[in-house]
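Chemist: Here is the input, now give the coordinates:
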Amino acid sequence: MAVTDAPPLLKLGIEDAIAGLALSTEAHWNQTEDDWRIFLRDGIVFGIRDGMRLVATAALLPYSGNNAWISMVLVSATHRRRGYATRLVDACLETARRNGLTSWLDATPDGAAVYGPLGFTPTLQLRRLKLARPAGPAAPPSSSATLDALRARDQRATGFDRTALLEAFAQRPGSRIVAENGAIALVRDGRTARHVGPLLADDAAAALGLVDAIVRSETSPLLLDAIASQGAFLDGLTASGWTIERPFQRMRFGPATVTGEDMPFAVAGPEFG
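Modeler: So this is what the prediction gives:
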């Protein structure tokens with residue numbers, strides 16, 4: 001296809017949530033329609049269509065302090081190797097540049113090989129873990145934890161104010177904020193598995209204790225995106241039956257604008273940071 005024949009980049013709207021979900025489902029990702037609505041409502045999502053069919057996307061989700069997350073970089077298997085992903089990421093970066101935003105993303109190893117030459121700088125690493133058979137049902141951990149407590153702890157760890165995102169998660173049916181012994185986490189539904197994160201704690205023992213309490217009160221498969229440098233936490237998870245599915249490399253494009261005071265134990269997900 002000649003450059004002049006390349007399909008245009010489109011800005012997507014909330015009505016495209018189902019079409020976006022079809023793309024992430026094809027890729028076997030865990031996002032729900034509600035997740036797509038966050039990107040389409042609160043962020044900027046670029047897409048490419050083939051006729052009426054949405055075949056590629058990339059999203060830019062602004063956070064506080066002149067930061068934004070790039071994610072949902074998806075291309076249907078029928079339309080790969082046409083440069084669509086690069087065009088879409090370039091559109092996100094240009095939008096961020098015009099708005100004075102530093103861009104962040106969590107990349108797979110293949111993605112990191114692409115984003116590095118574009119100017120992204122590696123920061124921390126993540127490990128996605130899965131527990132296929134939780135132990136529940138049992139009494140859940142404390143439900144007295146508040147959204148305000150989670151928001152404050154999350155901001156201290158990330159440096160971002162993500163009140164809108166955490167509110168959207170917490171208000172969904174099935175979501176719960178749980179706390180125990182100096183640890184706090186949010187548990188929410190995904191398309192194929194429940195997701196644990198963000199998870200903040202005073203130490204690895206508290207983080208593992210809260211995960212154990214969550215596991216004992218859940219019956220669906222669980223996913224968790226752990227910070228790779230939290231070695232004792234990772235070791236404790238794998239020893240208790242969690243398996244590592246894949247790594248992610250967190251990367252930044254532009255100057256660092258924030259520094260978290262505390263390192264989280266698990267993040268909200270590679271699509272959200």
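
Chemist: and Lys130, what are its bridge partners?
Modeler: Leu223, Thr243 (DSSP bridges).

Chemist: Can you give me every residue that contacts it?
Modeler: Going by Cβ atoms under 8 Å, 6 or more residues apart in numbering, Lys130 touches 193, 221-224, 242-243, 245. Yep, even glycine has a C-beta here, placed from its N, CA and C like the rest.

Chemist: need the contact list for Ala56.
Modeler: 23, 47-48, 74-76, 79, 84-85, 88.

Chemist: Let's verify Ala185: helix, strand, or coil?
Modeler: strand (DSSP: H, G, I helix; E, B strand; the rest coil).

Chemist: separation between it and Phe272?
Modeler: Distance from Ala185 to Phe272, counting by Cβ to Cβ, to the nearest Å: 14 Å.

Chemist: quick one on the thing from earlier: what subset of the contacts of Ala56 is buried?
Modeler: The neighbour-count test (16 or more other Cβ atoms under 10 Å) marks 23, 47-48, 74-76, 84-85, 88 as buried among the contacts of Ala56.

Chemist: This protein: helices as residue ranges?
Modeler: 17-26, 33-42, 84-98, 109-118, 147-158, 163-170, 204-216, 231-239 (DSSP state H).

Chemist: where among these is the average confidence lowest?
Modeler: Among those, helix 109-118 carries the lowest mean pLDDT, a mean of 88.

Chemist: And it, what does it pack against?
Modeler: Packing partners of helix 109-118 (3 or more Cβ pairs under 8 Å, 6 or more residues apart in numbering; DSSP states H and E): helix 84-98, strand 102-107, strand 243-253.

Chemist: What are the contacting residues of the first one?
Modeler: What it means is helix 84-98. By Cβ under 8 Å, 6+ apart, helix 84-98 touches 6, 9, 44, 46-48, 55-60, 68, 70, 73, 75, 102-103, 114-115, 118, 253-254.
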